[in-house]
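> Provided below for reference: sequence and predicted model.
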Amino acid sequence: MTAGSRGDVVPFTGLGHGLARAGHEVTLVTHGCFQPLVAGSGLSFHPLPVDPRAELDSTRGQRLHRSATGAGKMVRAVGIVRAALARMTDDLIAAAEKSDILLLSGSLGPVGHAIAEALSLPSLGTHLQPLSPTGEFAPPLLGGGQWGAPVNRLAGHGVNLVVERVFSAAVPAVRARLGLPPARIGTARRIRSGLRQPVQHGFSPLVVPRPRDWRAGLEVSGYWWPYDNGDRLPRVLRDFLDAGPPPVFVGLGSATVPDPGLLSEVIVRALRRAGLRGVVQRGWSGLEATGDDVVTVGEVPHAALFPRMLAVVHHAGAGTTAAGLRAGVPAVPVPVQFDEGFWAARLVGLGVAPCAVPLRGLTPDALAAALARVTRDSAHRERAAALGTRIRAEDGVAPVLRAIDRLAG
């Protein structure tokens, strides 16, 4: 069960495919608009009624991306998610009633665990970000950073309280509907009921080592690569790649922006100032670039495209960050909101990115300077290639299979 943008869904197509190959019957429960992602994967699909892109395009969504601070964005996100949960609960329960074990993304954890408890089903958290408090870094949903161990940990608990607020209407309704007594209020109860469940994290320990102060049951398994059914790149894109030197990829994934035309112009000007060809992905922002030295693409498999790139410029979402690392190419992160600042800092810290250029500070000169650094300094490419080799050797599905065996036993 997962909800959110495309990046919150595609890793679970790969995880589910791996579980299906191991003999499990797997159903992906998520927004109906993502059903094409499971074609050929061996997964069943249970649609949820909310379209996340329509939510971002709504008045609420427009206010979200106009917010200038992480706290402001989180407050506005609370309203969007609370309204969406109310519309998805019936389908979450219906899917769970046909299941033996629930695997729950961080975006649906509290309500999913309540459903599992009511139906006497084992559940396993499958998180794409490190959501549990730690002293080793500040909460990723606030952009990460280093505020000192006590403050980092306190902020992590504060973020969890905000998350509880998101689910404060949905969880009581689910508990009452399924015959559970009301949950007691208080942090200790919250930790015992939902946050004490076992969790497998779908990122590499080479990128985020398991924090030493995490409790038992919180494990880092490795990345879950999206299922792509061997999809090839479109012919027009292959022709562009073959017609000249390796280009730079630029895309913002599921992020939205107030003025796509202006941002597209900034990107093209930066590429040309740096003397680079570009592949610009339209994404949910609606970016568009024209010219002999650039090509605009829709959704294409990053696993096929990124190894042919000189570098990748992206919003530092968890999934796109992973795809760039897997391909072994350096990056210029352009974080927009929430956990993207955390992943951007990780790329810089690993030495595969020269710097982060936040979207709010993006100018042709700033982006061109970062592009010049990432493409002309061989150290970034060498570190990215070496890290990519190690990440590709990991098996993120195997730890989840072992965890499922323990739950089933």
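Perfect, thanks for sending it.
> when you work out contacts or count neighbours from here on, use the C-alpha atoms and nothing else.
Noted.
> where do the strands of this protein begin and end?
27-31, 44-48, 102-104, 123-127, 199-201, 218-220, 248-251, 278-281, 294-297, 311-314, 331-333 (DSSP state E).
> out of those strands, which one sits most buried?
For the strands of the chain, average neighbour numbers computed from mean count of other C-alpha atoms under 10 Å are highest in strand 331-333, which has a mean of 31.
> who does it pair up with?
strand 311-314 (parallel) (DSSP bridges).
> list of residues touching the strand it pairs with?
Under the criterion C-alpha atoms under 8 Å, 6 or more residues apart in numbering, residues 247-253, 306, 320-321, 324, 329-335, 374-375 lie in contact with strand 311-314.
> could you rerun that using 7 Å?
By C-alpha atoms under 7 Å, 6 or more residues apart in numbering, the residues outside strand 311-314 that reach it are 248-252, 324, 329-334, 375.
> also stretch 263-272?
Residues outside stretch 263-272 that contact it (C-alpha under 7 Å, 6+ apart): 277-278, 287-289, 363-365, 367-368.
> closest to residue 40 out of those?
residue 287 (29.5 Å; C-alpha to C-alpha).
> domains for this protein, by residue range?
Per automatic domain parsing, the structural domains of the chain span 6-223+394-408, 235-392.
> make TSV from the ones you listed and add mean pLDDT to it.
Formatted as TSV, the domains of the chain follow (pLDDT from 0 to 100):
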stretch	mean pLDDT
domain 6-223+394-408	84
domain 235-392	95
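> now tabulate these in JSON lines and tack on distance to residue 229.
Formatted as JSON lines, these follow (distance: least, C-alpha to C-alpha, whole Å):
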{"stretch": "domain 6-223+394-408", "distance to residue 229": "7"}
{"stretch": "domain 235-392", "distance to residue 229": "10"}
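> just these: most buried one?
domain 235-392 (a mean of 20).
> run the chain-centre distance for that domain.
Distance, stretch centre to chain centre, for domain 235-392: 16 Å (C-alpha atoms, centre = their mean, to the nearest Å).
> now do the same end-to-end measure for that domain.
This stretch, domain 235-392, spans 27 Å end to end (C-alpha to C-alpha, to the nearest Å).
> stretch 118-131 too?
End to end - C-alpha to C-alpha - stretch 118-131 spans 24 Å.
> how about stretch 271-280?
Stretch 271-280: ends 10 Å apart by C-alpha to C-alpha.
> for stretch 359-368, same thing?
Start-to-end, stretch 359-368 (C-alpha to C-alpha) is 14 Å.
> repeat for stretch 294-313
Stretch 294-313: ends 14 Å apart by C-alpha to C-alpha.
> swap in stretch 308-319?
18 Å.
> same question for stretch 95-110.
16 Å.
> hmm, who's touching it?
1-3, 46, 112, 116, 121-127, 167, 171, 194.
> what is the most widely separated pair among these?
Counting by C-alpha to C-alpha, the most remote pair of the contacts of stretch 95-110 is 46 and 194, 23.7 Å apart.
> that older thread, can I get the strands of the chain in TSV with distance to residue 349?
As requested, the strands of the chain are exported to TSV (distance: least, C-alpha to C-alpha, whole Å):
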stretch	distance to residue 349
strand 27-31	33
strand 44-48	38
strand 102-104	30
strand 123-127	22
strand 199-201	20
strand 218-220	19
strand 248-251	21
strand 278-281	25
strand 294-297	30
strand 311-314	16
strand 331-333	12
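> ok, which of these comes nearest residue 354?
strand 331-333 (7.0 Å).
> quick one, what contacts the nearest residue to residue 227 once chain neighbours are set aside?
Spatial nearest neighbour of residue 227, excluding adjacent residues (C-alpha to C-alpha, 6 or more residues apart in numbering): residue 14 at 4.4 Å. Applying C-alpha under 7 Å, 6+ apart, we find residue 14 in contact with 224-227.
> out of these, which is nearest to residue 25?
residue 227 (16.2 Å).
> give me the neighbour count for that closest one.
Applying other C-alpha atoms under 10 Å, we find 23 residues neighbouring residue 227.
> distance check, it against residue 303.
10 Å.
> again, but for residue 112
31 Å.
> residue 99 now?
31 Å.
> now swap in residue 179 and tell me
46 Å.
> and residue 359, by the same measure?
Distance from residue 359 to residue 303, by C-alpha to C-alpha: 25 Å.
> next: residue 395.
Taking C-alpha to C-alpha, one finds residue 395 at 16 Å from residue 303.
> and if you look at residue 377?
24 Å.
> that's all I had, so thanks and see you.
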